[in-house]
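> Got a predicted structure here, sequence first:
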Amino acid sequence: MSRIVFWGLIALIVLAPLPMAGNRPAAWTALGLFTGILLVLWAIAATRRRPRGARTADRVLLPAAILFLGALGWLLWQITGPLPADWRPDTLQRAADLLNDPGVGGSGMALDGSAAWHVLLRLLTYGGVFLLAWEFGRSRERAQAILLAVIVAGVGYALYGLVVHLAELRLVLWYPKTAYGDSLTSTFINRNSYATYAGIGLLCALALMFSEWRQRQDRLRHPIGATSSAIPSTRQELALGALALGAAALAAALLLTGSRGGFYALALAILLCLGLLAAIRLLRGRELAGIVALGVAGLAALLLSVGDTLGQRLETGAASVESSRGDLFRPTLEAILQRPLTGYGAGSFQGVFEAVNTGELYRQGYWIDKAHNTYLELALEAGIPAAIAIVLAVLLLAALCGVALVRRRSIRFSLTGVAVSLLVGLHALVDFSLQMPAIAITYAAVLGACAAQSLRRLSTA
């Protein structure tokens, strides 16, 4: 049964982006239901055979689990209550007074109870995917399979996006595009969100390439024998070639999105990782210079061939919601400061923003339902303490990968965990990619597998 659950997890990772990035009620409900079924089957299998090293892993996971589940408990209490009357938002209280019905909005404080339940379902789904990846990621082979599934899926969606974009079909699956007609979005609606998804696959591929390259360098420095070293060398050359082709497809697709935020977040994540690798002496002077030169040459070639859209947006700074972040962030911060501890309830951002903003963005023709900053939106809806708890839970797990990388343990997994966490964390400062179910599920799977392998190697040090 364990094998069935594992391949079910792989199928979930691969198929999550297919239905509009999972960002439709039917899609995220199906993803949540399927994740729940996998968790039940895994629990049944786990009662029969407890994995080796589970107690140590559970102790490490416990602080992050307490923070995450505590925040989810608060979100649930926001919906169901009971809460003191003065904790309820003024909007609900005025509606209750106007209708002379103290039961308006239920006993909780969430402005939109239906949206709050949807947010809670999605967060539980992401936590479930992480837990499954964490459990299966204790096996090196299965952790590797999870990363390969992310890469293969990423390349597949990139190739689909390249075909549709270059053929100028202006379709998302079989639906006509309603936005970003000149940008590659693959099965996503939003170009920035797809850029993050492509970036995750690209960083996974680059991390595996770096690991294969390091193993090749170590083998050249310490050859065991000409005959015994030839076979693995050929195998690694083939692996490097396949990963390089996949990385090229993902990079081309990302550039064709024209997403400035996605490009900057990816570039900064790569630069920070290179700096870290140099600091811990996994890259030395000539090696670092060679990799940087190769990367610059590859980027220049891609920009010359497929970078027109991105180049124009970088040069002109076209008027868009991306250049109006201040008009989004200021009213959002004001609303947070009005209710910093309790928030307004999960899924309430749009209603709150409509009440507090000046209307300038609406007059410019923008429809605002996201804060374009995941941290601010989370603080507005859940309150600052709960937002900190969720972010800190993720940071603890990413830090586990960072510690393993600094100690040179499980490099391919620890480097992947750090790089992907940097990408999604940085892009979340200016966009809402992490709020797309497909991206959150993919990131949860990558982080779970990489953190589990990082812990495994640290425990055996």
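Here it is on my side, so go on. Numbers count the residues shown, from 1 in each chain.

> Can you say which helix or strand has Arg281 in it?
Using DSSP states H and E, no element contains Arg281; it sits outside every helix and strand.

> And for it, the neighbour number?
Under the neighbour criterion other Cβ atoms under 10 Å, Arg281 is assigned a count of 8. C-betas here are computed from N, CA, C, even on glycine.

> what about it, distance to Arg408?
Applying Cβ to Cβ, to the nearest Å, the value for Arg281 to Arg408 is 9 Å.

> Contact partners for Pro25?
For Pro25, the contacting residues are His118, by Cβ atoms under 8 Å, 6 or more residues apart in numbering.

> Against Ala382, how distant is it?
Going from Pro25 to Ala382 by Cβ to Cβ gives 21 Å.

> With Arg214 instead?
Counting by Cβ to Cβ, the gap from Arg214 to Ala382 is 41 Å.

> same check, this time on Gly36
23 Å.

> ok, now Leu240?
Distance, Leu240 to Ala382, using Cβ to Cβ: 44 Å.

> swap in Ala449?
As judged by Cβ to Cβ, Ala449 and Ala382 stand 27 Å apart.

> Who has more neighbours out of those two?
Between Ala449 and Ala382, counted using other Cβ under 10 Å, the more crowded position is Ala449 (32 against 26).

> chain center to whichever strand or helix holds Ser414, what's the gap?
Ser414 is located in helix 411-427, with elements delineated by DSSP H and E. With Cα atoms, centre = their mean, to the nearest Å as the basis, helix 411-427 stands 10 Å off its chain's centre.

> which helices and strands does it pack with?
helix 140-166, helix 191-221, helix 260-279, helix 384-406, helix 437-459 (3 or more Cβ pairs under 8 Å, 6 or more residues apart in numbering; DSSP states H and E).

> Can you give me the separation between Leu67 and Leu392?
Taking Cβ to Cβ, one finds Leu67 at 6 Å from Leu392.

> More neighbours: which of the two?
Leu67 (20 against 15).

> Go ahead and confirm the more buried one touches Ala387.
No: with contact defined as Cβ atoms under 8 Å, Leu67 does not count as touching Ala387 (11.1 Å).

> May I ask which helix or strand of the chain has the lowest mean pLDDT?
helix 90-99 (a mean of 51; mean pLDDT, DSSP states H and E).

> Indicate which one of the helices and strands packed on helix 411-427 is closest to Arg48.
Arg48 sits nearest to helix 140-166 of all the helices and strands packed on helix 411-427, at 17.8 Å, using Cβ to Cβ.

> The very next helix or strand once past the closest one - which strands sit beside it in the sheet, and in what orientation?
Next helix or strand after helix 140-166 toward the C-terminus (DSSP H and E): strand 171-172. Sheet pairing for strand 171-172, assigned by DSSP bridges, gives strand 175-176 (antiparallel).

> Return the list of helices and strands in contact with the helix or strand Trp117 falls within.
Per DSSP H and E: Trp117 is located in helix 113-136. Here helix 113-136 touches helix 2-15, helix 25-48, helix 54-80, helix 140-166, helix 437-459, going by 3+ Cβ pairs under 8 Å, 6+ apart.

> among these, which is the most enclosed?
The highest average neighbour count among the helices and strands packed on helix 113-136, using mean count of other Cβ atoms under 10 Å, belongs to helix 437-459 at a mean of 26.

> mean confidence score for it?
Throughout helix 437-459, pLDDT has a mean value of 91.

> for stretch 406-414, same thing?
Mean pLDDT, stretch 406-414: 91.

> Could you do stretch 206-223 as well?
The average pLDDT within stretch 206-223 is 79.

> What is the neighbour count of the spatially closest residue to Leu328 that is not a sequence neighbour?
With sequence-adjacent residues excluded and distances taken as Cβ to Cβ, 6 or more residues apart in numbering, Leu328 is closest to His372, at 5.4 Å. Using other Cβ under 10 Å, His372 is surrounded by 21 other residues.

> these two touch, right, His372 and Gln435?
No: between His372 and Gln435 there is no contact under Cβ under 8 Å: 10.2 Å.

> looking at the helices and strands packed on helix 113-136, which has the lowest confidence?
Averaging pLDDT over each of these puts helix 54-80 lowest, since it has a mean of 85.

> other SSEs contacting the helix or strand harbouring Glu381?
Glu381 is part of helix 374-382 when elements are defined by DSSP H and E. Helices and strands touching helix 374-382, by 3+ Cβ pairs under 8 Å, 6+ apart, are helix 54-80, helix 325-338, helix 349-356, helix 384-406.

> Let me have these in TSV, extended by distance to Ala249.
What follows is these, written out as TSV (distance: least, Cβ to Cβ, whole Å):
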stretch	distance to Ala249
helix 54-80	34
helix 325-338	31
helix 349-356	35
helix 384-406	26
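
> closest to Ala158 out of the ones you listed?
helix 384-406 (24.8 Å).

> if I look at the nearest residue to Tyr157 once chain neighbours are set aside, how far off is Gln435?
Using Cβ to Cβ, 6+ apart and skipping residues adjacent in sequence, the residue nearest Tyr157 is Ser186, 4.6 Å away. From Ser186 across to Gln435, the span is 18 Å (Cβ to Cβ).

> try Ala252
Taking Cβ to Cβ, one finds Ala252 at 26 Å from Gln435.

> Between the two, point out the one with more neighbours.
Ala252 (22 against 19).

> what is the mean pLDDT for whichever helix or strand that one is part of?
Element membership for Ala252, per DSSP H and E: helix 226-257. Average pLDDT, helix 226-257: 79.

> List the buried residues of that helix.
236, 239-240, 243, 246-257 (16 or more other Cβ atoms under 10 Å).

> Provide a list of residues in contact with the closest residue in space to Asp431 that isn't next to it in sequence.
Sequence neighbours aside, Asn192 is the residue nearest to Asp431 in space, at 4.7 Å (criterion: Cβ to Cβ, 6+ apart). By Cβ under 8 Å, 6+ apart, Asn192 lies in contact with Thr257, Ser259, Gly261, Gly262, Glu322, His427, Asp431, Ser433.

> Quick check: Asn192 vs Val391, distance?
20 Å.

> OK, contacts around Ala179?
Contact partners of Ala179, counting by Cβ under 8 Å, 6+ apart, are Ile189, Asn190.

> So it: helix, strand or coil?
Here Ala179 is coil, with the state taken from DSSP: H, G, I helix; E, B strand; the rest coil.

> same question, the one 10 residues further on
Put simply, Ile189 is coil when judged by three-state DSSP.

> tally of neighbours for it?
Counted with other Cβ under 10 Å, Ile189 comes out at 18.

> can you give me phi and psi for it?
In terms of degrees, to the nearest 10, the main-chain angles of Ile189 are phi -90, psi -40.
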